[in-house]
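# Give me the fold of what follows.
(2 chains)
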Number of protein chains: 2
Amino acid sequence: MTGRIPLLVGGADDVRTQMILVAAHAAEVDVKTEAPKSAAAPELQFSDKKITYTGAILRFFGRFHESSEVYGSSFYESAEVDSWLDWALMELAEPPVRLEQAAQTLEKHLEQRVFLVGQRLTLADIAASLPLQRFQQQGLVQLGRATKRWLGTCLATEAACSVLSSAPPKGKAAAAATAAPSVAPVAAVAGATPMSSTPLLDRYSSCVGGRTEIKRIMLADGDGKSMVGQKVSVCGWVKTAREADKGKIMFVQLNDGSIPLDIQVVIDSGAKGFDSLKGKCSTGASMKCTGEVVASPGGKQAVEILVKDAGSEVVLFGGVDAKEYPLAKKGHSHEYLRSIAHLRPRSNLIGSVARVRAALAQATHEFFRSNNFLYVHTPLITAADCEGAGEMFQVTTMMAEAEKDGKPLPMANGKFDYTKDFFQKPAFLTVSGQLSVENYCCSLSKVYTFGPTFRAENSHTSRHLAEFWMIEPELAFADIVDDMNCAEDYLKYCVRYAMEHNRQDLEFFDDKIEKGLVKRLENLLAEPFARVTYTEAIDILLKESPTAKFQVPVEWGMDLGSEHERHLAEKVFKKPTIVYNYPKDIKAFYMRLNEDNKTVAAMDVLAPAIGEVIGGSQREERLDVLDRRITEMGLEPKDYWWYRDLRRFGSVPHSGFGLGFERLIMLTTGVENIRDVIPYPRYPGHAEF
Amino acid sequence: MTGRIPLLVGGADDVRTQMILVAAHAAEVDVKTEAPKSAAAPELQFSDKKITYTGAILRFFGRFHESSEVYGSSFYESAEVDSWLDWALMELAEPPVRLEQAAQTLEKHLEQRVFLVGQRLTLADIAASLPLQRFQQQGLVQLGRATKRWLGTCLATEAACSVLSSAPPKGKAAAAATAAPSVAPVAAVAGATPMSSTPLLDRYSSCVGGRTEIKRIMLADGDGKSMVGQKVSVCGWVKTAREADKGKIMFVQLNDGSIPLDIQVVIDSGAKGFDSLKGKCSTGASMKCTGEVVASPGGKQAVEILVKDAGSEVVLFGGVDAKEYPLAKKGHSHEYLRSIAHLRPRSNLIGSVARVRAALAQATHEFFRSNNFLYVHTPLITAADCEGAGEMFQVTTMMAEAEKDGKPLPMANGKFDYTKDFFQKPAFLTVSGQLSVENYCCSLSKVYTFGPTFRAENSHTSRHLAEFWMIEPELAFADIVDDMNCAEDYLKYCVRYAMEHNRQDLEFFDDKIEKGLVKRLENLLAEPFARVTYTEAIDILLKESPTAKFQVPVEWGMDLGSEHERHLAEKVFKKPTIVYNYPKDIKAFYMRLNEDNKTVAAMDVLAPAIGEVIGGSQREERLDVLDRRITEMGLEPKDYWWYRDLRRFGSVPHSGFGLGFERLIMLTTGVENIRDVIPYPRYPGHAEF
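Sure, this is the predicted structure:
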């Protein structure tokens, strides 16, 4: 087609370079090679142009000679090659993210085939086999039987041998594709590849001889069926165990926390270790089971593990005396579970809450990072002069000192002598990171804090905790509208994340905790939130008052009660609703005064079934207005000297909001008591464990 | 080629469906369409096979008629089409991650061209234009002039018109590609697309009329040069400002925290808003500058912003009285900066620390999530019976109550009456989340905590804080070797993450704080850590003693001092070193007793220049051994009843470690005083702000 010999610039170690060289050889195209100056992707250079994407280079070779069949031997085969080529370049790229899934896809496809497409080696085989071999060598993946056979075949082709056998060690230039093939390279390759029939192992469980997380089995390709025939080891805790067939078989439901579903293990009395289970293998016992994944004959799940044949085995790590185990029976009340906080994550409810809580924390960090916010750790202990109002916990070393000395704490003029305390003044646990994070916002533009906050409120309700986690973003160059946009985006991001990552947990909640939960969440994502000013909201509520019969009558200037908030979100708008521009007298001093001199740029996000989940505002950036508001509220401007400094030196418009993390979890799971969505709830009289 | 008409199953709203239909039309291939049952990727179905990848389907059409030029009109053009096709399918997929970069790449390429490849519409144009148009309509990207012209051209082709004009509203079935083209669809499309010449705007800065983060300009395509000619608005704080040419020009170095580098803004006296700067635009002032990106004539950076022509403007948000601004001069001491913690993130040092700190927190969450660990929030306040030893802060509401009443706290038998306290017993701030997180580990297998911990230690060193953050992972079915593997992987992941995401910050530290920092970090990543037992380490240190002249003589059984740890890591192994299997008498009761009955399975990771960064152990899972160790240590087994429960009910081998987050930041930045790597350091006498 052309006489020009293209130049391949690519690292000799780079698997993409090797793929390209194998493809060039298979397609009978001459290329020269050259080591790159930096670790860039391989490039195919001509005198006047270049091709950079690996897929494009491979396809270029595939089309080079019309007689070549490396791009498929028919029109339709080419389309199949394209599909597998794209798949391989995506799913087997460095670093691999869904490797065991990819390995399963391959295994399934290759069961009845020699090559990925048609009857000959194609670009698809080349693009898939080379990276897969590397991952296998690195111990990142274990391959099934069909895949191993196919891999051996691909690597034994002349094209592969010619390149791989001559690939020089790290650092040297790539060998030319036209180098003479050497002998028996496949054996060398195979020798470096320890073969085993177990699928991807947990990276840090060498001490039990390797294990596979139950999630990876049961969710493989959706329902786990593609795992049938694999030998696996699983570790976990027994949910239920029962004997059958006069003690010849034991059925165990095993859970390892990776997923809410238990996997059924069927243990034959002939299996190694069976006898050690007698009398010890009840609910709560921990064990390792090694056996074969088989299709489940009518169980709730598609697959189970059969521990029967040679090589199968059970190992009991820790038994349980069923009479003493606090979780031996099913269906404990949430209240009872709270009394055994150290064991309750083994219950279905708290296990699922823990997984969703972790996912929502992850979603929070992902959302803010992807929008270039910096995570700032604001302090927990604070002795700032503007703090110390009611409902704060005091932090001290003085009481312990006094008890050590056996002498009461001296008081003068009704005050303790704090010069002896650790911080030399009264110190407290923070009730909000907002003021601290504002400092960082007014230097670094976009920041957020995510940490514990405290309220020493003597409250015994299902909606308050003494210790809880808050997320507080703060945005420079942003007004109340930007703030509302960010709050809505963030909330939707979190809910969408849980829907995508915790489907089984949400289905559990939908089934056991709140019927229709998933639909409520889908509804939250479906449309823009409603937005009304406080004044509009009051007008609406006044019109609805005759029928709604609110307990507290509606009038402009009041704080909206829970009944009003829920009426707006559930009855009027039937979706999350943002109310903004509240009367200044019911809001904090730092919220920005609007032009009307009556309202401030504050906003609350109200969710159906939950009520307020987010509260935020634009901050007052005008020093004179801020000082006036501080004084109006009966506070001392000098106590806020550093907060005022932000307005004295390079003040900027800025906004932020706060979200109680437990509220978000309640919204996402439907769990109604806040004490059940945090691992160790703190409330009056309760801080044990 | 074939008479079968393939069936396209794809959502009508799905941009991939639309791409495929446009390509089919352009390639003159008939397809039937059908709405999908779920939101899956479009599929092209034949009676006996199907093609699923969008790229493969597009290429299938491209090859359908040999006379078609939609896949390029020459052999080399096809390779170019392939390149751009892969680029578009990757870079413009939902959700877009590097959109402004993609837009810049396109703009540059299209400056001298009508289409992406050759002289006609190809698959590349189709795959790039349709998603780009969507992103533009969603306000996610602003396009340059050349790109807009090209987009208009692509969308005006008959193939595009025929599909886009008849795209039905959400929910209805996709229109067939063969539908008759209607009139003037391009006008409709263009009408929905507000045109502007600014590049990607910050999503939440509408109130200032939009702004672009300085990072996005200065790091565009590496050095920002590709931005030359763009009109941008930037907001930030003035680092330095000076007048030149008798007041006719002002040079401002502006920083917005997105990057350590300042961008230079050159403001002409003729520019709108220039006069408002007089006397107010000194270091610390905040402003918005709208102007054109130009190549910098000899500055340190490649580009700067020129505020001169029509449409250019400066807006001062907040001025500064230079005489009063605490950061007016350069080169303040770290100690002075600590005294203005609310403003110090505006300094280069603390700004870079804040960015690296945020990156390392992000890396932490990414590492553990990608290994399937669950993030668990362990409690801060604890009143567990096993706690309450020295060096803990007490949490109370009693002192404030006493001051309210003006009456001293009553004492009986040298103890206060805690039945009146909030938690009805003495409560403290946690010194470690380990015991709490172990509970979750023994239910959910792999967990970690990342939160604040406290020490009421009266320490004034540069290495201790009263409040700091800890990361504590806990792994079930893992022994001390698994633990070491995890610790090493984690540490390397964090350092690699900072190297990749915070290059400019690390270069700043290398320049100003620790010469050779980047090399030290590269060295940390280059090799496996050294691993020696404590006993081997003692042998080595004994041999080295004559020359090393340790202050504390070396003998088996001693706790290693800082001098010994650093000697091992810096002199002997010259890289991070893990020492494991320590004498049981110098370690905690919960560490697993080894077979030798003398040592426990504990490990410390020691880093050159830093010393200990990680401490961990395998936990004692045998109840009888644990009880013996608790008693040996003079503790009460009953105080650990819940910790013992984990060994009574389904005990498993498990391990974990702890890392002081500030230590990790010091290791990564070279900053030597721990008070400078946390936003608001707490130590004796200091908890203001």
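# Up against chain B, what does the stretch 451-600 of chain A have?
Contact residues (Cβ under 8 Å from any Cβ of the partner chain) of the stretch 451-600 of chain A with chain B: A:451-452, A:454, A:456, A:458, A:466-467, A:469, A:475-479, A:481-483, A:485-486, A:489. For glycine as for every other residue, the C-beta is placed from the backbone atoms N, C-alpha and C.
# Give me the buried subset of those.
Buried members of those, counted by 16 or more other Cβ atoms under 10 Å in any protein chain shown: A:451-452, A:454, A:456, A:466-467, A:469, A:475-479, A:481-483, A:485-486.
# Out of the helices and strands in chain A, which is least certain?
helix A:185-191 (a mean of 27; mean pLDDT, DSSP states H and E).
# next SSE after it?
Downstream of helix A:185-191, the next assigned helix or strand under DSSP states H and E is helix A:214-218.
# how many neighbours does the closest residue to chain B within the stretch 351-500 of chain A have?
The stretch 351-500 of chain A approaches chain B most closely through residue A:444 (3.0 Å), counting by Cβ to the nearest Cβ. For residue A:444, the count of nearby residues is 26 (other Cβ atoms under 10 Å in any protein chain shown).
# Next: residue A:314.
For residue A:314, the neighbour count with other Cβ under 10 Å is 23.
# re the thing from before, wait, doesn't the residue of the stretch 351-500 of chain A closest to chain B sit right on residue A:372?
No. Shown here, residue A:444 and residue A:372 do not form a contact pair, counting by Cβ atoms under 8 Å, at 10.1 Å.
# related to what we said a few turns ago, which ones among the residues of the stretch 451-600 of chain A next to chain B lie within helices?
Among these, the members found in helices (DSSP state H) are A:481-483, A:485-486, A:489.
# what's the farthest-apart pair in those residues?
Put simply, by Cβ to Cβ the two of those set farthest apart are A:481 and A:489, 12.6 Å from each other.
# Now residue A:49: closest residue in space that isn't a chain neighbour?
Excluding the flanking residues, the one nearest residue A:49 by Cβ to Cβ, 6 or more residues apart in numbering or on different chains is residue B:76, at 6.8 Å.
# CA-only coordinates of the helix or strand harbouring the one you found in PDB, if you can.
Assigned by DSSP H and E, residue B:76 belongs to helix B:75-91. Extracted C-alpha coordinates of helix B:75-91, given in PDB (Å, rounded to 0.1, in the frame of the first residue of the first chain):
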ATOM      1  CA  PHE B  75      -6.200   4.500   4.300                       C
ATOM      2  CA  TYR B  76      -4.400   7.100   6.500                       C
ATOM      3  CA  GLU B  77      -7.500   9.100   7.100                       C
ATOM      4  CA  SER B  78      -9.200   6.100   8.500                       C
ATOM      5  CA  ALA B  79      -6.500   5.800  11.100                       C
ATOM      6  CA  GLU B  80      -7.100   9.400  12.000                       C
ATOM      7  CA  VAL B  81     -10.800   8.800  12.200                       C
ATOM      8  CA  ASP B  82     -10.100   6.000  14.600                       C
ATOM      9  CA  SER B  83      -7.900   8.200  16.800                       C
ATOM     10  CA  TRP B  84     -10.500  10.900  17.100                       C
ATOM     11  CA  LEU B  85     -13.300   8.400  17.500                       C
ATOM     12  CA  ASP B  86     -11.600   6.800  20.400                       C
ATOM     13  CA  TRP B  87     -10.800  10.200  21.800                       C
ATOM     14  CA  ALA B  88     -14.400  11.300  21.600                       C
ATOM     15  CA  LEU B  89     -15.900   8.200  23.100                       C
ATOM     16  CA  MET B  90     -13.500   8.400  26.000                       C
ATOM     17  CA  GLU B  91     -13.200  12.100  26.700                       C
END
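# Could you list the domains of chain A?
A:7-191, A:206-318, A:353-396+A:428-676 (automatic domain parsing).
# Find the nearest non-adjacent residue to the residue of the stretch 351-500 of chain A closest to chain B, please.
residue B:257 is the one closest to residue A:444 (Cβ to Cβ, 6+ apart), at 3.0 Å.
# From chain B, how far out is the closest residue to residue A:210 other than its chain neighbours?
Sequence neighbours aside, residue A:201 is the residue nearest to residue A:210 in space, at 4.2 Å (criterion: Cβ to Cβ, 6+ apart). Per Cβ to the nearest Cβ, to the nearest Å, residue A:201 is found 11 Å from chain B.
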